[in-house]
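Participant: here is my input; please provide its structure:
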Amino acid sequence: MHEATYTPRLKEALVGRADARFVWLCGFEVEHQWARGYVGLPAAPLSVTTATVQRMEELGAMLAEPSDVLLLSKPLDPGYRRYAEESGFPLPEELVVAGGGTGTAEAVLESPEALRRLGELAAGGAYLMPMGNSAVEQAVSERSGLPLAVPDAATYERVNSKIYSRRLVEELGLRAIPGFCCESTDDLHAALESVSETEPVIVKDAYGVSGKGLVVVDSRRKADRLLRMVDQRAKRKDDRTLHVVAERFMAKRFDLNYQITISRSGSVTLDFVKEAMVSGGVHMGHVMPPDLSAAQLDEIAGTAERIGARLHADGFFGVVGVDALVSADDVVHPVLELNARLNMSTYQGRVTERHQAPDGVALAKHYPLHLAGAVAFDEVRDVLGPLADTPAGGRGLIVTCFGTVNAQAGSGPFDGRLYAVLFGHDRGELGELDRAVTAALEKVQAVEGAA
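Facilitator: As a prediction, this is how the structure comes out:
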């Protein structure tokens, strides 16, 4: 087990004090807030949040320090809190704000008691640390008196557009995925002129997330259908504005994700580089370290410095996750898009720092569960048995989020997710551990299904 410095270093970068007290508001719903007012692909309206997405806020428990406060819609499972503390992660104070079907931030704004408590924390010198800042998080700061540890909402909204990302790549002269920024229906027509089965194009909403707002156009028929839908909407609304990017499909070895932290003063730190597991545009997990050469890692490090400097010049500081890829011919394309907010890698930071051996490997993922009824963490811990023991000698696992297991619990069967990080000495050992965990978790489902 190694000394924990990840979160203090983040605090130092953001507010100049490694011992600052943070109030963490880890709402993944923030991305939907940024998308408001931007016309994307024609699609059925998405709900602003789901129970599972909202309960992912519990990932912040292992990022926060024991002196911090974590805002939650529901309390942590008591058995999970005990487990975390036994695993070397004393957890923060919980401030539970019930209600808020659209997110915990909204619930805070509707709760005089929560705002009063946040005001007390502000008087004691605490900062509000949101996953990302939108008008809702900014309202929490303003109404509670908690100063933000991050930039204003307008800056976040500007730099999180995929159009912004592509233009930054062009401005810096980085190796880009061939494509177009489309800010009108005419732009999209031009971008899709040469679509064919051999040259497909991926069209993405400027503020799309997790595979939503994404269409693979791999035939002339699909291109014409999409353009008809876009044109019909534009005619109906008398507005040809559009906010999407269109990019050529590129054969790849694998996806990458790396994270940088930009301090208030503009210094840039490359925190880590990971091999990302992506399916259908949806993030499935990370393997670290990635299978990259020293020259490829150097290219990413150089790119990170340039990205950080450019973002800081545009008023941004804080955590930035960068999606990238290694093409089939082993060439690094260092920026697909920027996610200027906390990301899944951020939430793994303290865990991997503590338990990944210097020459070891780690796998971060979630395990899907099909349950007949809600389960307590202690039941899951029992079926995992020794697998749930604190990692030792660079091998083992840490459960990083349990609330998502029961998020959809109701009157009938439901699906849940258990988030974890696995550690081993090589990828083969990780695979064995992953299979053992999968097999053990099947017992949870079998027991509950038989109940």
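
Participant: just give me how far stretch 103-118 sits from the chain centre.
Facilitator: With Cα atoms, centre = their mean, to the nearest Å as the basis, stretch 103-118 stands 23 Å off its chain's centre.

Participant: do stretch 243-261 as well
Facilitator: 15 Å.

Participant: and what of stretch 157-176?
Facilitator: Centroid separation for stretch 157-176 versus its chain: 19 Å, with Cα atoms, centre = their mean.

Participant: what's the burial count for G393?
Facilitator: 9 (other Cβ atoms under 10 Å). C-beta: built from backbone N, CA, C; applies to glycine.

Participant: scratch that, E197
Facilitator: By other Cβ under 10 Å, 10 other residues sit near E197.

Participant: got it, and the one 5 residues further on?
Facilitator: By the measure other Cβ under 10 Å, the count of residues near I202 is 18.

Participant: quick one: the helices in the stretch 251-400 of the chain, in order.
Facilitator: 294-313, 344-355, 377-384 (DSSP state H, counting those that start in this stretch).

Participant: single out the most deeply packed of the ones you listed.
Facilitator: helix 344-355 (a mean of 23; mean count of other Cβ atoms under 10 Å).

Participant: what packs against that helix?
Facilitator: Applying 3 or more Cβ pairs under 8 Å, 6 or more residues apart in numbering; DSSP states H and E, one finds that helix 344-355 contacts helix 6-15, strand 252-262, strand 268-279, strand 282-288, strand 318-327, strand 361-371, strand 396-401, strand 414-424.

Participant: export stretch 396-408 as CSV, just CAs?
Facilitator: Below are the C-alpha coordinates for stretch 396-408, written out as CSV (Å, rounded to 0.1, in the frame of the first residue of the first chain):
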residue,chain,number,x,y,z
GLY,A,396,-6.7,-8.3,-5.6
LEU,A,397,-9.7,-6.0,-6.1
ILE,A,398,-11.3,-2.9,-4.7
VAL,A,399,-15.1,-2.3,-5.1
THR,A,400,-15.3,1.4,-6.0
CYS,A,401,-19.1,1.8,-6.2
PHE,A,402,-21.9,-0.2,-4.8
GLY,A,403,-25.0,2.1,-4.9
THR,A,404,-25.4,1.3,-8.7
VAL,A,405,-26.2,-2.3,-7.8
ASN,A,406,-29.6,-1.5,-6.3
ALA,A,407,-30.3,1.7,-8.2
GLN,A,408,-33.1,0.2,-10.3
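
Participant: out of the helices of the stretch 251-400 of the chain, the one nearest V399 is which?
Facilitator: Closest approach to V399 among the helices of the stretch 251-400 of the chain (Cβ to Cβ): helix 377-384, 7.7 Å.

Participant: tell me what angle that closest one forms with strand 396-401.
Facilitator: 150 degrees (axes from the mean of the first three to the mean of the last three Cα atoms, to 10 degrees).

Participant: does P391 touch A420 like I think?
Facilitator: No. Under the criterion of Cβ atoms under 8 Å, P391 is not in contact with A420, lying 11.0 Å apart.

Participant: picking that back up, got the helices of the stretch 251-400 of the chain as JSON lines, with mean pLDDT columns?
Facilitator: Listed next are those as JSON lines, based on pLDDT from 0 to 100:
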{"stretch": "helix 294-313", "mean pLDDT": "98"}
{"stretch": "helix 344-355", "mean pLDDT": "94"}
{"stretch": "helix 377-384", "mean pLDDT": "97"}
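
Participant: redo those helices as TSV? Include distance to V195.
Facilitator: Output for these, formatted as TSV (distance: least, Cβ to Cβ, whole Å):
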stretch	distance to V195
helix 294-313	29
helix 344-355	32
helix 377-384	47
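
Participant: before we move on, back to that, quickly, which of the helices and strands packed on helix 344-355 bottoms out on average pLDDT?
Facilitator: If the helices and strands packed on helix 344-355 are sorted by mean pLDDT, strand 282-288 sits at the bottom with a mean of 81.

Participant: ok, L387 to P92 distance?
Facilitator: According to Cβ to Cβ, to the nearest Å, L387 stands 26 Å off from P92.

Participant: comparing those two, which shows the higher neighbour count?
Facilitator: P92 (23 against 17).

Participant: and the more buried one, what does it touch?
Facilitator: Residues near P92 by Cβ atoms under 8 Å, 6 or more residues apart in numbering: W24, A61, A64, E65, P66, S67, D68, V69, L70.

Participant: just the pLDDT for it.
Facilitator: Listed pLDDT for P92 reads 98.

Participant: try Q408
Facilitator: Q408 is assigned 93 on the pLDDT scale.

Participant: still on that earlier bit, and of the helices of the stretch 251-400 of the chain, who's closest to L363?
Facilitator: Nearest to L363, of all the helices of the stretch 251-400 of the chain, is helix 344-355, at 10.3 Å by Cβ to Cβ.
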